[in-house]
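S.K.: my questions concern the predicted model and sequence given below.
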Amino acid sequence: MTLAEMSGEYRASAALLRSRLRKLRQELARAEDPEEIWHLKRRIAELTPMLTQVNELAELTEHYYERGYWRSEKYTL
């Protein structure tokens, strides 16, 4: 698998995560049970950093071989 193909996979995963987060936020807006609200907030808090990381990795793999592209220190050795 090439980095360009990986980038596409990361973008697809990001779309799924965004969709799931949207649904969870809609459920949260309708929720009334405090326990359900807590679980929804917890799940949103777990998925949000995942979405950020997947977006960052999609960007990195998409532009990895471009001359002059700045790479985040987070993903370099």
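M.R.: Right, received. Where do you want to start?
S.K.: so what's the residue count around residue 54?
M.R.: Per other Cβ atoms under 10 Å, the neighbour tally for residue 54 reads 20. (Each C-beta comes from the backbone N, C-alpha and C, glycine too.)
S.K.: how much space between the residue positioned nearest the centre of the chain and residue 32?
M.R.: For the chain, residue 51 is the residue whose C-alpha lies nearest the centre (Cα atoms, centre = their mean; 1.2 Å). Distance of residue 51 to residue 32, computed by Cβ to Cβ, to the nearest Å: 27 Å.
S.K.: looking at this structure, which helix is longest?
M.R.: helix 34-63 (DSSP state H).
S.K.: could you check how far it is from the centre of its chain?
M.R.: When C-alpha coordinates are averaged (Cα atoms, centre = their mean, to the nearest Å), helix 34-63 and its chain have centres 5 Å apart.
S.K.: in that helix, what counts as buried?
M.R.: Residues 40, 51, 54, 55, 57, 58, 59, 60, 61, 62 are the ones in helix 34-63 that count as buried (16 or more other Cβ atoms under 10 Å).
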